[in-house]
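**Q** need a structure here:
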Amino acid sequence: MQNSINRREFIFNGSRLAGGVAALSLGSHLASGASQKAEKIDLSKSFPRYTKFAPKVPVYCVTPELTGCFHRFFNTSPISPSGRYLAVTRLLHEDRLNAPGEQAEIVLVDLKTGKSRVLAKTRGFDSQLGAQAQWGATDHELFFNDLEMKYWHGFGVRMDPLTGEQKNLEGPLFEVSQNGKYVAGICLLRSGLTQRGYGVVVPAEVMPWNTGAADDDGVYLTDTAT
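**A** Next comes the predicted model:
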């Protein structure tokens with residue numbers, strides 16, 4: 001189930017945050033276990049270089065015209081398996097925590113051309129890990145969370161960012177397997193009780209509470225094909 005890479009390797013070859021703006025070191029490429037061959041991209045052709053505080057490796061701001069862009073954990077690369085695209089959650093405000101029902105954006109940055117576009121809007125996010133945007137096995141598999149407000153159900157979404165095709169999953173998303181076939185997750189609503197910022201934001205009165213080890217709660221595994 002793990003979709004992880006060495007932290008040191010990721011810091012030097014992957015993405016990083018600089019003042020809340022996603023930035024990339026030169027030579028960024030694919031996440032561990034990805035099936036696509038990485039494309040060599042010269043970030044200096046499309047993005048401004050970050051030079052403050054004399055960074056030890058070349059660093060580029062890849063969201064120069066966007067505010068509020070960030071990715072999730074260090075153990076999952078926001079860079080697509082081919083190395084061409086970056087996926088981030090974009091907060092529409094950074095001066096306060098989000099309220100139930102407010103939206104964020106899932107943004108795709110083309111590292112080759114420097115262009116960015118909004119793929120989707122989502123209510124399934126919070127301030128620490130965003131909408132959990134992460135890649136599957138290829139550039140045609142991007143996953144993130146959303147929130148249905150009638151019954152307050154948090155769920156994962158599988159999208160092909162290159163065609164726009166989208167499929168809602170029954171279960172919640174926290175981690176995607178390297179082959180993109182499975183999604184593991186915990187209740188996104190209950191996350192707000194134990195670790196604010198990791199799940200979704202809902203009104204206090206609809207947040208489910210467990211008494212002991214509940215029979216209807218735990219770690220969920222979702223088949224992304226079915």
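**Q** can I assume Tyr182 is in contact with Ala225?
**A** No: counting by CB atoms under 8 Å, Tyr182 stays clear of Ala225, with 9.4 Å between them. Every C-beta, even on glycine, is put in place using the N, C-alpha and C of the backbone.
**Q** Please, where are all the helices along the protein?
**A** 7-13, 191-194 (DSSP state H).
**Q** Sort out which residues of the shortest one are buried, please.
**A** Going back to what we said before, that points to helix 191-194. Within helix 191-194, the residues scored as buried using 16 or more other CB atoms under 10 Å are 191-192.
**Q** Can you spell out which helices and strands pack onto that helix?
**A** In terms of contacts (3 or more CB pairs under 8 Å, 6 or more residues apart in numbering; DSSP states H and E), helix 191-194 is not packed against any helix or strand.
**Q** Contacts for it, please.
**A** With CB atoms under 8 Å, 6 or more residues apart in numbering as the test, helix 191-194 has contacts from 126, 198-202, 207, 209.
**Q** Now do the contacts for the residue nearest to Ala104 when sequence neighbours are not counted.
**A** In space, and not counting its chain neighbours, Ala104 is closest to Phe125: 4.6 Å by CB to CB, 6 or more residues apart in numbering. Taking CB under 8 Å, 6+ apart, we find Phe125 in contact with 89, 98, 104, 131-132, 145, 200.
**Q** May I ask which of those comes out lowest in pLDDT?
**A** pLDDT is lowest at Asn98 among the contacts of Phe125; the value there is 93.
**Q** where does the protein have its least confident helix or strand?
**A** Ranked by mean pLDDT, DSSP states H and E, the helix or strand of the chain with the weakest confidence is strand 15-18, at a mean of 38.
**Q** residue nearest the centroid of this protein?
**A** Ala133 (2.1 Å; CA atoms, centre = their mean).
**Q** measure that residue to Leu108 for me?
**A** Separation of Ala133 from Leu108 (CB to CB, to the nearest Å): 9 Å.
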